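Enquirer: next come a sequence and a model predicted from it.
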Amino acid sequence: MGEPYGECGSLFLLQSTLKVRISMKKYLKSSDSVEGALFFVISVLGIIFSIKSHSMMDMDWKLSPYLFPLAISIMLFALSISLLIEGRKKEEAKKDKSVHYRDMLLYILICFIYYLLLPYVGFLVSTVVFLIFTFRLLGLKKWSMTILLSVVATLFVYILFARLLHVMLPSGSIYYYLGL
Amino acid sequence: MYFDLVLSYFLNIRFILLVLFGSVIGLFVGAIPGLSVTMATALLVSITYTWTTNDAMATIMGLYVVGVFSGALSAILINIPGAPSSVVTAFDGYPLAKRGEAYKTLKYATIYSFIGSVFGLVAMWTLCGPISKIALKFHPIDYFLLALFGLAAVGSLTSKSFSKGLISAAFGLFIAMIGLDSVVGSPRLTFGIRSLQAGIATVPALVGLFGFTEVLSSISHNDMEAQVSEMKSEKIPLKDVLKHFWHSMYYAVIGTVVGALPGAGGPVASFLAYSSAEKIVRKPSRPFGEGAIEGIVASETSNNACIGGAMIPMLALAVPGDAVTAIILSVFYVHGLQPGPMFIKTQPGMFASVVAGGLLGCVFLLLLGLVVAPKLSRIILVPKRILLPLVTVLCIIGAFAANNRMFDVLLMFLFGILGYVMRRRGYPVAPMVLAIVLGGMMDSNFRRAVSLVQSEEHKIAAMFSSPITIVLLILTILTLLMNVPVVSTKIKGIKGR
């Protein structure tokens, strides 16, 4: 399963430093019982939170906005116990499938940077850059193809949404400050 | 039942073109693995935000009907179902394609999808009225119980672990609670974050849970290529194709009924139809699972009949049957319409446009399926390494377009990651989506019921006085009980004896 890593070109260096492949088996050790415990805590916090917020509101329970959250918390309380019981019964390892967390985390990181840049740099420029990075990350080899595809796709999406469907895409505040 | 109104849409060129537009999108979206009908509808909601409701409905119905069908295309050709409801189609479809009968299989799939869709939609057309009449007698508590029953049913059907399904629903309800409270108007569960005061918008949550989650899980599995079967054109007499018509009616009934149950949907319907086909078809052309055309007929008829079925509770009770209808429900809300028992009476034009949009979608299904689909085999091979970044951009636009808020884009990402983690750990996403859409309605009906009862003398008796309430209560409790491990093993034990 290791071969796709070689295809990633310039991102290879960055990737190999992050080469963490966690196998599903290890991950599953923190299985249902841990989640059950987590939900148990959440539900207890939810019950306390609902009752406390309600008591600060000076209002009957029948009108209180926290009546329903309280009901859900109680439901979650019961469910978390049932999950704890389920988790105790089966401790078998499920299918062992290696998962490419590294690529995925990098992808999320790129998306996040894209999200931060979008309001400043604008849709057109940031999308072209985003597409170039992600195409490369996912293993598109030729540079010419990558750039051509990124530009064409961005223009296509821009014309379709901004011009034809009148979606207000961010135009980028940086151009305003630059006096463009 | 408003024949004239429905007919007027059939003559409306603009309406027809919009349905065609939706159908073409549906054809691609359904066929390309990694793009789902749910994802596309969620994206369409945000894009059609500024359109008239009619235009939006035309496009969405076209997409829904054709999208459910075209999942079969990739199931047959590359053995990867384009949508969950086509999983069963792949059982026999891919073996058939490997024998070089892809064209024939596709033709059967098209014609029986058409039959199934028309059956489901006609059922919706005729049954929505009577069901609305019953629904008029519903009290607030009944709506609450119905939604609860829906959540319980989805929770039990979409996951191996019932607790996990319901936990997903519970968190969906929490998410729906965030924002300004609908009765008193005070902020709740916002944790001091101002952007959360407007509540978590449905569209970014849906786009994230269906779109971005799909992208992330494709990347983490690193499945970027697929093998496609050859498509050879051949002549198949219509008489041969229609030999299975009477069986298909049976599958269509299964599909419609299963679709109308809240929570079950295409995947469940096609499994049920397939397993009943194994019983009622005496002499299949080949053994089931090795290329029986009867399997294709069962799966495709029933999963398309589900469409009409799922629309029934959505239109008549405002309780959607599956994820796509939950999104269509949010379209109505976004456009300021209120589905429910009064919907057909107060908005006959809107109801007619849903019917007409669906039926026109069926016509385009037949046309596109017979003429265009055989030539599409190259397109479903768009490599995922190109597709996934583009889908991400579409997700961002979809999340942003609904309210023009960058915060919604952030929410979309967070929901995408949440959906991915849930999928990895075996928590189904559908109950959460249903809960997010239904949460507000459940909350207000629950409190209305509680306040109504407060003024009565015998509180418990007042709350559960009507027969509808009692039936719903029993159904809900039964669904919950059946899934408690102790009870279900007991039942199995009795059956085993």
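Expert: Received, thanks. Numbers count the residues shown, from 1 in each chain, chains lettered A, B, ... in the order given.

Enquirer: for stretch B:142-152, buried residues please.
Expert: Of the residues in stretch B:142-152, B:142-152 count as buried by neighbour count, 16 or more other CB atoms under 10 Å in any protein chain shown. C-beta coordinates here come from the backbone N, C-alpha and C atoms, glycine included.

Enquirer: work out for me the element the closest residue to B:Val37 other than its chain neighbours sits within.
Expert: Distance criterion CB to CB, 6 or more residues apart in numbering or on different chains; nearest residue to B:Val37, sequence neighbours excluded, is B:Gly67 at 3.7 Å. For B:Gly67, the host element (DSSP states H and E) is helix B:53-78.

Enquirer: which strands and helices sit next to that helix?
Expert: Contacts defined by 3 or more CB pairs under 8 Å, 6 or more residues apart in numbering or on different chains; DSSP states H and E place helix B:53-78 against helix B:13-31, helix B:37-47, helix B:87-98, helix B:102-135, helix B:293-317, helix B:323-334, helix B:348-367.

Enquirer: now do the last one, average pLDDT.
Expert: Read it as helix B:348-367. What helix B:348-367 shows for mean pLDDT is 88.

Enquirer: whichever helix or strand comes after that helix and chain A, are they touching?
Expert: The helix or strand immediately downstream of helix B:348-367 is helix B:384-403, counting by DSSP H and E. Yes. Under the criterion of CB under 8 Å from any CB of the partner chain, helix B:384-403 makes contact with chain A via B:384-386, B:388-390, B:392-394, B:396-397, B:400-401.

Enquirer: try stretch B:140-149
Expert: No. Interface with chain A: stretch B:140-149 contributes nothing (CB under 8 Å from any CB), its closest point being 9.6 Å away.

Enquirer: what's in contact with that stretch?
Expert: When contacts are taken as CB atoms under 8 Å, 6 or more residues apart in numbering or on different chains, the neighbours of stretch B:140-149 outside the stretch itself are B:138, B:262, B:317-319, B:438, B:441-442, B:444-446, B:448-449, B:452, B:463-464, B:466, B:468-469, B:472-473, B:475-476, B:479.

Enquirer: from the chain's centroid, how far away is stretch B:447-466?
Expert: Computed by CA atoms, centre = their mean, to the nearest Å, the chain-centroid distance of stretch B:447-466 equals 34 Å.

Enquirer: buried ones in it?
Expert: B:447-450, B:453, B:463-464.

Enquirer: quick check, A:Ile108 in contact with B:Val215.
Expert: No. Counting by CB atoms under 8 Å, no contact exists between A:Ile108 and B:Val215, whose distance comes to 9.9 Å.

Enquirer: which one's more surrounded, those two?
Expert: Remark: of A:Ile108 and B:Val215, B:Val215 carries more neighbours, 27 against 18, as counted by other CB atoms under 10 Å in any protein chain shown.

Enquirer: list the contacts of the residue nearest to B:Val37.
Expert: Residues in contact with B:Gly67 (CB under 8 Å, 6+ apart) are B:25-27, B:29-30, B:37, B:40, B:83.

Enquirer: separation between B:Phe149 and chain A?
Expert: For B:Phe149, the distance to chain A under the criterion CB to the nearest CB, to the nearest Å works out to 14 Å.

Enquirer: confidence score at that residue?
Expert: In this model, B:Phe149 is scored at 79, pLDDT.

Enquirer: quick one: the stretch of helix or strand it belongs to to chain centroid distance?
Expert: Using DSSP H and E, B:Phe149 falls within helix B:140-158. For helix B:140-158, the distance between its averaged C-alpha position and the chain's averaged C-alpha position is 16 Å (CA atoms, centre = their mean).

Enquirer: again with stretch B:324-332
Expert: Relative to the chain's own centre, stretch B:324-332 is displaced by 9 Å; criterion: CA atoms, centre = their mean.

Enquirer: same thing with stretch B:328-346?
Expert: Averaged C-alpha coordinates place stretch B:328-346 at 17 Å from its chain's average position (CA atoms, centre = their mean).

Enquirer: excluding its backbone neighbours, what's nearest the residue nearest the centre of chain A?
Expert: The central residue of chain A, meaning the one whose C-alpha is nearest the mean C-alpha position (CA atoms, centre = their mean), is A:Ile108 at 6.5 Å. Taking CB to CB, 6+ apart as the measure, A:Ile108 lies nearest to B:Ile417, with 6.7 Å between them; neighbours along the chain are not counted.

Enquirer: and the one you found, helix, strand or coil?
Expert: Under DSSP: H, G, I helix; E, B strand; the rest coil, the three-state class of B:Ile417 is helix.

Enquirer: please name the nearest non-neighbouring residue to B:Gly289.
Expert: In space, and not counting its chain neighbours, B:Gly289 is closest to B:Phe91: 5.4 Å by CB to CB, 6+ apart.

Enquirer: nope, B:Tyr420 is what I was after
Expert: Closest residue in space to B:Tyr420, ignoring its immediate chain neighbours: B:Leu216 at 4.3 Å, by CB to CB, 6+ apart.

Enquirer: could you do B:Leu43 as well?
Expert: Distance criterion CB to CB, 6+ apart; nearest residue to B:Leu43, sequence neighbours excluded, is B:Gly398 at 4.0 Å.
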